[in-house]
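Visitor: Pasting a predicted model and its sequence here:
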Amino acid sequence: MKQLKRIKGTQDILPEESYKWTALEQAIRRVMLLYNFYELRTPVFEQTELFARGIGQLTDIVSKEMYTFLDRSKKQLTLKPEMTAPIIRAYLENKLYAKTPLNKIYYIAPLFRQENPQAGRLRQFHQFGAETLGSAGSEADVEMIDLALAVYERLGIKNLKLLINSVGDSTCRIPYKKTLQEYIKPNLDKYCADCQRRFHENPIRILDCKNETCIQLNQQAPKISECLCDDCQTHFDQVKLQLRQLNIPFKEDPCLVRGLDYYTRTVFEITSDALGAQNSICGGGRYDLLAEELGGMPTPAVGFAAGIERTLMAAEKQNIQLGQPPRLDVFIVSLGDEAKKHTLFWLKSLRAKGVHAEQDFLGRSVKAQMREANRQNARFVLLLGENELKEKVFSVKIMDQSKQVEISFNDIIDFLVKQIIDN
RNA sequence: GUGGGUGUAGCUCAGUUAUGGUUAGAGCACCAGAUUGUGGCUCUGGGGGUCGUGGGUUCAAGUCCCAUCACCCACCCCA
């Protein structure tokens, strides 16, 4: 029989790893709560149209990376490749704007994109992120950046770079596109094939090209930050001012445009050099036009999305311990058939008092049971044999001290609870 | 979609090259004993491998040839 294997680009998160995920998620939830963001969970799949309209038909995500399929009633569905569009859909559908004028939302979710896997890139991957819906103010942008950095700060991840830019809004972006096209046009044939294609569809993304010659050609290109309309300029200046007031270091990157079409004004990216080729750990920005695009009322909004796997990789590289591998409090070692009949009762009693307790289930020798207790890093071993049964006591081995004492059946629970809670 | 790399024990890897040759090795992990009711350290022993898969060359293939699959890394794009 052929062994079944997991899908390419997916991962099993094994018990020896999963506690790190739990710790990371707890840290995220803690910081989100401090900043007064609340969790919103959406389904793993949506109508395909949501993403086509939200993210933009021309993006790689929509044009070639989505897991799209027909269900039995021939509806076209897609496994969510990003979270912003679903959040906006849920916001509009549930009329959250009617409950309160400002909604601060966060999420932790699996996402799906059919890309070729490599380091820091999977087909099922996980993101955490946040969205502030309803505020057009620069304070919301700055809080968002501060929030993302606060999560990394709490985790202890260092050496991150914050890049920011403004991509303008509907007033200034169209004239800028023309200015940019006029700059590029004389040299268009020298640009790479991708950029030549982008020239008509989305010239702004030519600035983001990683091709060496394109980078050279772009050196003297007009920057969007030099062509902002007054409102966008004021907004961007405010963002920078407020970042400085919070002592948040940043670098202005005029070429930062981000891949999703819905961004307006502020965009930002957090990178880590601990990661390899996929060095972007977090990306976000303002998207004031998305809610309307999805058929809702105009809603100013700003958010970010951060990669959980990439965050874990960065933590790993910097030797940061996320959480503690669980340590067993008590292991019950039994000797003889009579003793075995009593261990489950004691286990249940200990667990009922909040003691992390285990016993042998394989009929192993005392020696092997002790080895197992040691392997699981147990703090106490309770030995139960014929002598103990007769005397109504446990031999209690305190593993760290290699010391052994006798405690009566009557006192054992209190003794252990006290020992364990005191430490 | 394109390019490069790697597949040998549960894990990490030697062995593969101009040189094919007996029972395919190590470390870690696992099991047992030394200590017949006691972990970690030490010592002794043990179990475990269709050498990714299929075909070919040969007296003989982990090693040479062909095909194929899987995984990794990178480009592109993105978290």
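Guide: Great, that's in hand.
Visitor: what does the stretch 301-423 of chain A put close to RNA strand B?
Guide: A:305-307, A:309-310, A:335, A:364-368, A:370-375, A:381, A:383-388, A:395, A:397, A:399-400, A:402, A:404 (C-beta under 7 Å from any atom of the strand). C-betas here are computed from N, CA, C, even on glycine.
Visitor: What ranges does the stretch 201-350 of chain A have for its strands?
Guide: A:251-252, A:264-272, A:280-286, A:301-307, A:330-334 (DSSP state E, counting those that start in this stretch).
Visitor: now for those, which one comes closest to residue A:92?
Guide: Among the strands of the stretch 201-350 of chain A, the nearest to residue A:92 by C-beta to C-beta is strand A:301-307 (11.3 Å).
Visitor: List the pairing partners of the closest one within its sheet, with orientation.
Guide: Sheet pairing here is set by DSSP bridges, and for strand A:301-307 it gives strand A:124-133 (antiparallel), strand A:280-286 (antiparallel).
Visitor: and the angle from the last one to strand A:264-272?
Guide: With axes from the mean of the first three to the mean of the last three C-alpha atoms, to 10 degrees as the basis, strand A:280-286 and strand A:264-272 are set at 170 degrees to each other.
Visitor: need the strands paired with strand A:301-307 in CSV with mean pLDDT, can you?
Guide: Listed next are the strands paired with strand A:301-307 as CSV, based on pLDDT from 0 to 100:
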stretch, mean pLDDT
strand A:124-133, 97
strand A:280-286, 95
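Visitor: could these go into a markdown table alongside mean neighbour count and distance to RNA strand B?
Guide: Below are the strands paired with strand A:301-307 laid out as a markdown table (neighbours: other C-beta atoms under 10 Å; distance: least, C-beta to the nearest atom of the strand, whole Å):
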| stretch | mean neighbour count | distance to RNA strand B |
| --- | --- | --- |
| strand A:124-133 | 23 | 4 |
| strand A:280-286 | 25 | 4 |
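Visitor: thinking again about what came up before, closest one to residue A:49 among the strands of the stretch 201-350 of chain A?
Guide: strand A:301-307 (19.8 Å).
Visitor: what residues does the closest one touch?
Guide: Residues outside strand A:301-307 that contact it (C-beta atoms under 8 Å, 6 or more residues apart in numbering) are A:82-84, A:87-88, A:120, A:125-135, A:140-141, A:144-145, A:147-148, A:151, A:266, A:268, A:270, A:280-288, A:290-291.
Visitor: Mind checking which of the residues of the stretch 301-423 of chain A next to RNA strand B are buried?
Guide: A:305-307, A:309-310, A:335, A:370, A:372-373, A:381, A:383-385, A:388, A:395, A:397, A:399 (16 or more other C-beta atoms under 10 Å).
Visitor: now, which of these lie within helices?
Guide: Among these, the members found in helices (DSSP state H) are A:309-310, A:370, A:372-373, A:388.
Visitor: What is the nearest of these to RNA strand B?
Guide: Nearest to RNA strand B among those, counting by C-beta to the nearest atom of the strand, is residue A:370 at 3.2 Å.
Visitor: Tell me how many other residues surround the residue lying closest to that closest one once chain neighbours are set aside.
Guide: Leaving aside its chain neighbours, residue A:370 sits nearest to residue A:333 (6.2 Å; criterion: C-beta to C-beta, 6 or more residues apart in numbering). Residues near residue A:333, counting by other C-beta atoms under 10 Å, number 26.
Visitor: The closest residue to residue A:9 other than its chain neighbours: what's it in contact with?
Guide: Nearest in space to residue A:9, with sequence neighbours left out and distances taken as C-beta to C-beta, 6+ apart, is residue A:123 at 2.9 Å. Counting by C-beta under 8 Å, 6+ apart, residue A:123 touches A:7-10, A:112-115, A:117.
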